[in-house]
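Undergrad: this is a predicted model, with the sequence first.
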Amino acid sequence: MQIYLPIAEVSVNAFTLLGVGGGVGVLSGMFGVGGGFLITPLLFFIGVPPTVAVATGVNQVVASSISGVLAHLKRKTVDIHMGLVLLIGGLIGSTVGVWFFSLMQRLGQIDLIVQLSYVIFLGIIGALMLQESLRALRRSRDPRAPRRKLHTHTWVHNLPFKMKFRASGLYISVFPPLLVGVGVGILAAIMGVGGGFILVPAMIYLLGMPTKVVIGTSLFQVTFVAAFTTMMHALFNQSVDVMLALFLILGGVIGAQIGTLLGVKLKAEQLRILLALLVLAVCAKIAFDLLWTPSELYSITVPGRF
Amino acid sequence: MRLWLVLLLFLALPARGEEVIAGLSQNRVSLTVNFEGSEILIYGAIRREAPAPRDSRLDVIVAIEGPPMPAVIWRKERRVGIWVNTQSQEVRAAPSFYAVATTAPLSDILSLDADLTYRISTRLAIFEARTPGDLQDPAAFTEALIRIRQDEDLYQQLDDAVSLERETLFSTRITLPKNIVEGSYAARIYLLRDGEVIDDFETFIDVRKAVLERWLYSLAYDRPAIYGVLALAIATFFGWGASALFRLIRN
């Protein structure tokens, strides 16, 4: 069944959309990842214009993280102070990102920018995930392997404008969390992702936050930054397609439930290797499209359309 | 006196030889959620007062043109290993859809003069902007535009697709693909004798998004703030609602 997307102005198969949403939903339920970094490139592959894919992908992130953040708020595993500092950074980053996005769109380079950012970030995350899951696998076989130190004092803790983050038990400068927030906001605007894959490691390794508040706080920041970015794209690029979002969200919420059940039954640590390989495969496909001589050297853009 | 004037005017008019009258199977196309394209039947007749001349060739051309829009055509070049859009050529107006159906190959039945006057061939239906001086091979850009849109069935050259019976009745079918944009589509029928246009007829097809799609589209462009809030409301409702529902089922 074909459905016509009113903003993207293309027809796509409804079951393909439900499949993309559902498939990524299963993965996000199993591994606790947002999945925005897979949805957006999969939308490129099925012919949704990158501009619409990015703006709609970030709208879908709101749907996939909202129930998580509510649960964490109820359990009080959100460092609200840290969340707010990260959020302020995120709003600044998102604004800059959406401005940059509109500029690149006018210059006819947005597709390239989006594809390049995906190659870089998917390459990094895929490689890190693979390394991490291989290490975890080795550790489960050999319990004597060295473990990571939980808290280390780094240069980050010596910067001025220190602030107390009680829930995290930290007394650090506001600049590192603010800058991390800005970075994540830019990524949300340009790539249509929540940015949890950058935020979580940054909170653990760079800011030294305790793991019990990391997930809740990152979800808090991601949800609000994604909502703000959706709004910015709707206001300045008119590129959010609610029809597309609806199908992705429906597939996604059902997929996430299945994924959560599967995650309990299966050995997620070993499956994580598969997720890493999938991420690397998507990265390779986009890189290939940029490097290989295209069959059509020309492309058309119509001002005011995607 | 008045009667004389009318009679004089009537005599002064050139003798109307042949006229074309045409109709369409539909004047309205609705881009609904499950729109998969639409076939338009264009039919008509040639009216003549005197018997048809026997020594010349009669042809019919049917063209459907979607709303013209400006466009930018980009050419990729390899820079540091990757393919990047480098040069571009602007087009002032190119039809968003263009199909030409004829009774015989277009170049055989249409004189260049008539084509320049009526702009019937695809190449002449596109209005290029002034080319920047440093652009290499500017013609390739317009050719690429036609090639890309032909691949998407947005431009169609349908030679021999018009059937003409007893030099009087004609008909053809043109398919509007699923990827058309909305707007007013002009359907033009040209009657030709020996390569020259002797009569033409124009009617319109109204291609509109269906009610819901139309509403969403105008909301997104006219009231983007409300549209953004709607997008967030849908996301919140389904995101939160679904997990609440599944929690209920599990308990």
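TA: Nice, I can see it. As the structure is a prediction and not an experimental result, all values here were calculated from the model.
Undergrad: what about stretch B:208-219, average pLDDT?
TA: When pLDDT is averaged over stretch B:208-219, the result is 88.
Undergrad: for chain B, what's its nearest residue on the stretch 51-200 of chain A.
TA: At 3.3 Å from chain B, A:Ala63 is the closest residue in the stretch 51-200 of chain A, using C-beta to the nearest C-beta. From N, CA and C alone the C-beta is placed, and that goes for glycine too.
Undergrad: isn't there a helix covering that residue?
TA: Yes: under DSSP: H, G, I helix; E, B strand; the rest coil, A:Ala63 falls within a helix.
Undergrad: that one: neighbouring residues, count only.
TA: 31 (other C-beta atoms under 10 Å in any protein chain shown).
Undergrad: quick one: what helix or strand has the closest residue to it other than its chain neighbours in it?
TA: Nearest residue to A:Ala63 in three dimensions, chain neighbours excluded: B:Gly239, at 3.3 Å (C-beta to C-beta, 6 or more residues apart in numbering or on different chains). B:Gly239 is part of helix B:224-250, with elements assigned from DSSP states H and E.
Undergrad: packing partners of that helix?
TA: In terms of contacts (3 or more C-beta pairs under 8 Å, 6 or more residues apart in numbering or on different chains; DSSP states H and E), helix B:224-250 is packed against helix A:50-74, helix A:211-236, helix A:242-265, helix B:211-222.
Undergrad: mind listing what's buried in it?
TA: Within helix B:224-250, the residues scored as buried using 16 or more other C-beta atoms under 10 Å in any protein chain shown are B:224, B:227-228, B:230-232, B:234-236, B:238-240, B:242-243, B:246.
Undergrad: which of those residues lies closest to B:Thr117?
TA: Checking the buried residues of helix B:224-250 against B:Thr117 with C-beta to C-beta, the nearest one is B:Pro224 at 43.6 Å.
Undergrad: before we move on, the earlier item: isn't the residue nearest to A:Ala63 up against A:Leu246?
TA: No: counting by C-beta atoms under 8 Å, B:Gly239 does not reach A:Leu246; the two are 11.6 Å apart.
Undergrad: tell me the angle of the lengthiest helix in chain A relative to helix A:50-74?
TA: Criterion DSSP state H: the longest helix present in chain A is helix A:110-141. Taking axes from the mean of the first three to the mean of the last three C-alpha atoms, to 10 degrees, one finds helix A:110-141 and helix A:50-74 inclined to each other by 40 degrees.
Undergrad: following helix A:110-141 in sequence, what is the next regular element?
TA: Next along the chain from helix A:110-141, counting by DSSP H and E, comes strand A:162-165.
Undergrad: so what's the spatially most central residue of chain B up against?
TA: By C-alpha atoms, centre = their mean, chain B has its centre lying nearest to B:Glu65, at 2.3 Å. Neighbouring residues of B:Glu65 by C-beta atoms under 8 Å, 6 or more residues apart in numbering or on different chains: B:Pro95, B:Phe97, B:Tyr98, B:Ala125, B:Tyr185, B:Ala186, B:Arg188.
Undergrad: okay, it and B:Leu176: tell me how far apart.
TA: Distance from B:Glu65 to B:Leu176, counting by C-beta to C-beta, to the nearest Å: 12 Å.
Undergrad: by contact count, what packs against the longest helix of chain A?
TA: Packing partners of helix A:110-141 (3+ C-beta pairs under 8 Å, 6+ apart): helix A:36-45, helix A:50-74, helix A:80-106, helix A:175-191, helix A:196-201, helix A:268-291, strand B:82-95.
Undergrad: can you list the residues of the stretch 51-200 of chain B near chain A?
TA: Where the stretch 51-200 of chain B comes near chain A, counting by C-beta under 8 Å from any C-beta of the partner chain, the residues are B:69-78, B:81-85, B:88, B:96, B:140-141, B:144-145, B:147-149, B:178-179, B:181.
Undergrad: inside strands: which ones of those?
TA: Among those, DSSP state E puts B:69-78, B:82-85, B:88 in strands.
Undergrad: make a ChimeraX selection of the buried ones in the residues you listed.
TA: Remark: buried members of these, expressed as a ChimeraX selection using 16+ other C-beta under 10 Å:
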select /B:69,71,72,73,74,75,76,82,83,84,85,88
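Undergrad: can you tell me which of the ones in strands among the residues of the stretch 51-200 of chain B next to chain A is nearest B:Ile21?
TA: B:Ile21 lies nearest to B:Met69 out of those, by C-beta to C-beta, at 30.9 Å.
Undergrad: what's opposite the closest one in the beta bridge?
TA: B:Ala94 (DSSP bridges).
Undergrad: picking that back up, common neighbours of B:Glu65 and B:Leu176, please.
TA: Taking C-beta under 8 Å, 6+ apart as the criterion, B:Glu65 and B:Leu176 both touch B:Phe97, B:Tyr185.
Undergrad: ok so, going back, JSON lines for the helices and strands packed on helix A:110-141, including distance to A:Phe15?
TA: What follows is the helices and strands packed on helix A:110-141, written out as JSON lines (distance: least, C-beta to C-beta, whole Å):
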{"stretch": "helix A:36-45", "distance to A:Phe15": "14"}
{"stretch": "helix A:50-74", "distance to A:Phe15": "17"}
{"stretch": "helix A:80-106", "distance to A:Phe15": "30"}
{"stretch": "helix A:175-191", "distance to A:Phe15": "26"}
{"stretch": "helix A:196-201", "distance to A:Phe15": "28"}
{"stretch": "helix A:268-291", "distance to A:Phe15": "20"}
{"stretch": "strand B:82-95", "distance to A:Phe15": "32"}
